[in-house]
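**Student:** got a predicted model here, sequence first, then my questions.
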Amino acid sequence: MARDVRELGSAWTRYQRHAVHQPSPALAPWVARYWEARWDYPEPYRQKIVPYPNVHLSFGRGRADVHGVRSGHQLTVLEGRGHVFGVAFRPGCFRPFLGAPVATITDRVVPATELFGPDLPTTLDVPTVEAFLRGRLPDDDPRARQAVAAVERIARDRTVTRVERLAGELGLSMRGLQRLFAEHVGVGPKWVIRRYRLHEVTARMAAGAEIDWAALAADLGYADQGHFIRDFRSMFGEPPSWYAQRY
């Protein structure tokens, strides 16, 4: 299959500009980062977006939406000039905003007015959006803090490759861990572990490292290379050697 040359060899940097902004200390318990994307495509471009376990609030293209965690990659068409400003909430902390299990919005997009009311910000910068969020912060939720800590444990420790180990370290039963993630993260702990281990693969791709796929699969806790490739393909929509050409 012929590929769009604009997706190969980091060519996207000629058409897109991304920026990331850190939250203030007051918002840091809730917000992982603010992000902006700008693009200019004379011809339509199919942008691949691969998921992390963050809920996002986005403003742009005449809309304001809450995006639940995506269980797999998605494609969005970028055309002409555009700008989106987004809030990436820390994984595990969105249930108090939602007032329902985060799993109820997994793979869904909800109009922001349904959750945050009609008075949404029209100036899209960090001070304005932070002021908007400060007026809507929920009460502290110990279970949300536990979920945040569980996801952070997975993210920072590459040796966490099994759900059973994570449950034991958190002092939870397997059923209790699954319940915690459904309520507060939106996807299961196995999905989150797999996503962060696969992040290590794309980080090596971005660094330009030569990769021994079989050795890497074993390093990440996979029983064999085939299992690793199937996991990667289900998350990214293409095999790792194909995806590597994007860098």
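**Tutor:** Noted; the coordinates are in hand.
**Student:** just the C-alphas of the helix or strand bottoming out on mean pLDDT in the chain, formatted as CSV.
**Tutor:** Using mean pLDDT, DSSP states H and E, helix 213-219 stands out as the lowest-scoring helix or strand of the chain, at a mean of 90. C-alpha atoms of helix 213-219 as CSV (Å, rounded to 0.1, in the frame of the first residue of the first chain):
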residue,chain,number,x,y,z
TRP,A,213,12.7,-6.7,18.0
ALA,A,214,13.0,-10.2,19.5
ALA,A,215,15.3,-8.9,22.3
LEU,A,216,13.1,-5.9,22.9
ALA,A,217,10.0,-8.1,23.2
ALA,A,218,11.7,-10.3,25.8
ASP,A,219,12.9,-7.1,27.7
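**Student:** which SSE is immediately downstream of the longest strand along the chain?
**Tutor:** Identified as the longest strand of the chain according to DSSP state E is strand 31-49. With elements assigned by DSSP states H and E, the helix or strand that comes after strand 31-49 is strand 56-60.
**Student:** show residues contacting that following strand.
**Tutor:** 64-67, 82-89, 112, 116, 120-121, 124, 129 (C-beta atoms under 8 Å, 6 or more residues apart in numbering). In this view, the C-beta of every residue, glycine as well, is placed from N, C-alpha and C.
**Student:** again, but for stretch 217-230
**Tutor:** 158, 161-162, 197-198, 200-201, 213-214, 216, 231, 239-240.
**Student:** which one is the residue nearest the centre of the chain nearest to, not counting chain neighbours?
**Tutor:** In the chain, the residue lying closest to the centroid (C-alpha atoms, centre = their mean) is Tyr52, at 2.3 Å. Leaving aside its chain neighbours, Tyr52 sits nearest to Arg195 (6.4 Å; criterion: C-beta to C-beta, 6 or more residues apart in numbering).
**Student:** what packs against the helix or strand that neighbour falls within?
**Tutor:** Taking DSSP H and E as the definition, Arg195 sits inside helix 189-206. Counting by 3 or more C-beta pairs under 8 Å, 6 or more residues apart in numbering; DSSP states H and E, the packing neighbours recorded for helix 189-206 are helix 142-156, helix 163-170, helix 174-184, helix 225-236, helix 240-243.
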